[in-house]
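Colleague: Curious how this folds, go ahead:
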Amino acid sequence: MTAGPRARRRRPRQRPGPRLSPGTGGQDAVMQDPTPERAEESRAAASAEDDGAFCLQRVFEEVQGSSQLSAAPAEPPAVTVVAVERYLAQAPPAAPPQYWYDVTLADGARRHRCHLAPRLNGLVQRARLRAGTRLRLTRCSYRYDEKRLNRGFFCLEGLERAAGTATAASGIPPDGHRPLQPLRGDNRHYLPLWNNEDPYGDVWVPDRPPVRVDVDVSKLTNLGHLEMTWRSRVHFHPLLVRILHKSRLNYYGKPEKKMDMPYQAYFEVADGSGMMSMVLWNSLCPEWYHSMKVGTVLLLAKYAIKTSYPFKTQATPGDSQMKRFATIEINLNVRDPPSEISIIPEEMVKPEWGLPEVKYRFITRSELDDLPHNHSCDVIGLVTFVGRTERARKREHNEDFWLYRWAHAIDGTSDQPFILELFATSQPDVFERIHPRWHKGQPYTKDAKVKNFIQWMKSQSEADQIKKTVIGGYYPFPRPPDSFLKYCKNNEVESVLKSIDEIGKEIDDLHYREHKRIAIQGIISAIRCVSFSDAAEEAPEEELAQKDTSQSFGSSSVSKEDCVDKGKTEEVKSFLGPACAPGEHQHQALLSKESSVKRRTRYRFRRNAEHLDEYQHGHSEQDKKGQAVSDSLHHCTDQEGVSSILETEETGRTGDSWQSDLWAQVKDKLINYFHHSKVFPESIPCKFDYMHKDLLMQQYNLHAAVHQPIEASTDKNISELKSANGLGYYEVTVLGINHDIAIDVAFLPLFCPDNPHLFQLEDIQNDTLLSCMSSISASQQKATSSGRLCDTFALSDEIVKAAKELDGKHVICILDICHLGDDKVEVFLSKIYKTVEPGVLGPV
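Modeller: Numbers count the residues shown, from 1 in each chain. Below is the predicted model of the structure:
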């Protein structure tokens, strides 16, 4: 496979229909206040239906009949979330961008769009509320738009997670009938759910077909002439250019700017005289962005010329001899002046026009290591690994994220792969579907190195390559550097280190699939082997979202990120866990079984009288009864501290754990003890299987904004698919340097027998312990069929020796944390630094 573009499926554009009242079956830009006659018709229709259908309509009638325009149904209806859609919120000019969400619900007969109360935004941001889930509506209100006549919307104020799984609800129109305009504010379009760079919605026009136009060469100008004369002219002659480079979309929407489509996209275009930047602005982006591809020939008229933006990244031309006009750029606008754009079919392009061909700078893997830093190049290869999609925050305390994923590709010139960090570049149909496939129909197949690669591809066995292919899971790259000072770069050590007590807040602040790397000080105090078979016995196969649940939003203080309306102190009820009988919630003592060891941990949360439950973001573990236990914050307020008693149930497991003497002395006297050593199915890389490729790609991409049932003929769960990893993982206990707090984290030794170059874990100086734990022998891998993993996955003498060398010593642990959705957060140990290394102060 190569990461080339794919053809897009055409979908007809839908014109917005007439504005309809809520409950009449239509979906328009904004719900209109119903007339008394229509309300009476709806009530009559609703009473004739059974309890399942039209239940939302009855709730909405109750809301509008209330003196407070708010109601809590006595019997909350169960509904399906069809779509969750995001748009820019109104906020003060100086505030960072914040967002609102509209949620489309279906009750089996009709669908209704509602606004999500801003204090519940955290449920979307942590992927607890997402398309495909089943909910019960416990409170709803109606809000009028005070600046418009007869306009308003329903607002979801309280929700519970309901039992069952989402199905194709009856009465749901196809995607093409979804509305274009959000319910609240002046926004005229939705944004993609997880980033701002991807085109989203029907407003984005698919490929426009080329048109046959007469090109009068005598009336054309060229880029070189423009640069010399642009200051003395207001109107310019037409341009005939070819696109050599295309950037991702840039969304620059601000709450204080009233713009319909605040987008821009940069292109590099060229003619026989040289290359210049071209900018596509605002409403022209949805109309033309999909159609303007690398290699497309454009005829431009009524464009504007402006001085170039000085801080933008310059594209590297494929032809190093091509002249670049960097002082000015072409601007295409919908007005002032209204630009005229024509796409010239390639068969109409004439050689005498002198348009340059698109040139590439392909390199082979064997050439890569000799190239200078920051060298710009093109690569082509067969994908052998593609990681899950993750998100990185653009700025601290900001709701905007970059999307990225890691991939490996081979080209036959080296036994080492290309390691690629792929960012979303406004091509979701390509980015989300990267998986092993053959390479066809790209314009760069004429390149000599590409031809050599294609010949090598033809000599390979597809079946053999598939065996080596892996998808998803935790991927610890780039590796932390050899020294902690290099890790800190130019930052002060104090600004990089976090206390163990701060980890809870770091996890609480994570958004869905957000990845962070943090550094803490501590003492390695205990290690335990956990085989995947034991882990599977501890947790049933069903995912949390698929269990028979009746989860509610518990009242608790929310973070500033959750509240769009500042100054308010609304509290949000969180999803608590699977259904429990009254009195069986997590206020009581909870039990969590772990392998052959049962950890009994008593919890008591500090809470005000008005606080009902903690808003938790940690992972869930299950006991034998399937009760979910949140291990995110194990806070205790007893006078004796945390009670964490290890009770050995079996005497045969003697080789799977180690603890230091110091840990034996302090473990019952801790103030806080955090447990984050759970490894989830999403953390384990899987062998790629074409039969289940849709399930795999859905699992390792982000949750879709609109519910997309898997059509593949498979009833498998992700945990049932073949793992590409080894026998299990290690639970590592890190004691705080003040001996009063501790945290359990996981270390996952990544090893793929079919592809030893996939996860390269070299011995690293000053990290003997993790190097030993990473070195799982081939004999251990082969022993998985014996059925007694405890005989093969145990602590080796080398691991115990390396751990004892760190006994009682202060170290710096680098942790990778990632929010996987719902209450699942993975925390992996990635690197251990000794504090006595050069330049780092040792413990006093």
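Colleague: so where is the chain shaky, pLDDT-wise?
Modeller: For the chain, applying pLDDT under 70 flags the ranges 1-53, 165-179, 438-441, 534-655, 710-715, 752-758, 760-766, 776-793, 837-844.
Colleague: try 50
Modeller: Residues of the chain that meet the criterion pLDDT under 50 lie in 1-51, 169-171, 174-176, 540-654, 712-713, 763, 777-779, 782, 785-791, 842-844.
Colleague: Provide the secondary structure category for the residue of it positioned farthest from its centre.
Modeller: What lies farthest from the middle of the chain is Ser218; by C-alpha atoms, centre = their mean that is 51.5 Å. The three-state label given to Ser218 by DSSP: H, G, I helix; E, B strand; the rest coil is helix.
Colleague: Check the gap between it and Leu240 for me.
Modeller: Separation of Ser218 from Leu240 (C-beta to C-beta, to the nearest Å) stands at 12 Å. Where C-beta positions appear, they are placed from N, C-alpha and C, glycine not excepted.
Colleague: swap in Pro345?
Modeller: The gap separating Pro345 from Leu240 is 13 Å, by C-beta to C-beta.
Colleague: same check, this time on Asp370
Modeller: 40 Å.
Colleague: Which one of those two is surrounded by more residues?
Modeller: Shown here are Asp370 and Leu240; by other C-beta atoms under 10 Å, Leu240 has more neighbours (22 against 8).
Colleague: what packs against the helix or strand that contains the more buried one?
Modeller: Applying DSSP states H and E as the criterion places Leu240 in strand 239-246. Counting by 3 or more C-beta pairs under 8 Å, 6 or more residues apart in numbering; DSSP states H and E, the packing neighbours recorded for strand 239-246 are helix 223-229, strand 263-271, strand 297-301.
Colleague: now do 10 Å
Modeller: Using 3 or more C-beta pairs under 10 Å, 6 or more residues apart in numbering; DSSP states H and E as the contact test, the elements touching strand 239-246 are helix 223-229, strand 263-271, strand 274-281, strand 297-301, strand 340-344.
Colleague: Out of the ones you listed, which gets nearest to Val84?
Modeller: Across those, Val84 has its closest neighbour in strand 263-271 (21.8 Å, C-beta to C-beta).
Colleague: In CSV, list the C-alpha atoms belonging to stretch 213-228.
Modeller: What follows is stretch 213-228, C-alpha atoms only, in CSV (Å, rounded to 0.1, in the frame of the first residue of the first chain):
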residue,chain,number,x,y,z
VAL,A,213,-13.2,26.8,-22.5
ASP,A,214,-11.4,28.8,-25.3
VAL,A,215,-8.0,29.9,-24.2
ASP,A,216,-6.9,33.1,-26.0
VAL,A,217,-3.1,33.0,-25.4
SER,A,218,-2.8,36.6,-26.7
LYS,A,219,-4.8,38.0,-23.7
LEU,A,220,-2.8,36.1,-21.0
THR,A,221,-0.2,37.4,-18.7
ASN,A,222,2.4,35.5,-16.8
LEU,A,223,3.7,35.4,-13.2
GLY,A,224,6.9,37.1,-13.9
HIS,A,225,5.2,40.0,-15.6
LEU,A,226,2.8,40.3,-12.7
GLU,A,227,5.6,40.7,-10.2
MET,A,228,7.1,43.6,-12.2
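Colleague: And that stretch, what's buried?
Modeller: Within stretch 213-228, the residues that count as buried by 16 or more other C-beta atoms under 10 Å are Val215, Leu220, Thr221, Asn222, Leu223, Leu226, Glu227.
Colleague: same question, stretch 702-721
Modeller: Buried positions in stretch 702-721, judged by neighbour count with 16+ other C-beta under 10 Å: Leu702, His703, Ala704, Ala705, Val706, His707, Ile718, Ser719, Leu721.
Colleague: Now do the contacts for the last one.
Modeller: The contact partners of Leu721, by C-beta atoms under 10 Å, 6 or more residues apart in numbering, come to 471-472, 681, 684, 686-689, 691-692, 695-696, 699, 714.
Colleague: Can you add secondary structure and distance to Glu256 and give these back as a markdown table?
Modeller: Output for these, formatted as a markdown table (DSSP: H, G, I helix; E, B strand; the rest coil; distance: C-beta to C-beta, whole Å):
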| residue | secondary structure | distance to Glu256 |
| --- | --- | --- |
| Ile471 | strand | 43 |
| Gly472 | coil | 41 |
| Pro681 | helix | 44 |
| Ile684 | coil | 46 |
| Cys686 | strand | 46 |
| Lys687 | strand | 51 |
| Phe688 | coil | 47 |
| Asp689 | coil | 50 |
| Met691 | helix | 52 |
| His692 | helix | 48 |
| Leu695 | helix | 44 |
| Leu696 | helix | 43 |
| Gln699 | helix | 40 |
| Thr714 | coil | 49 |
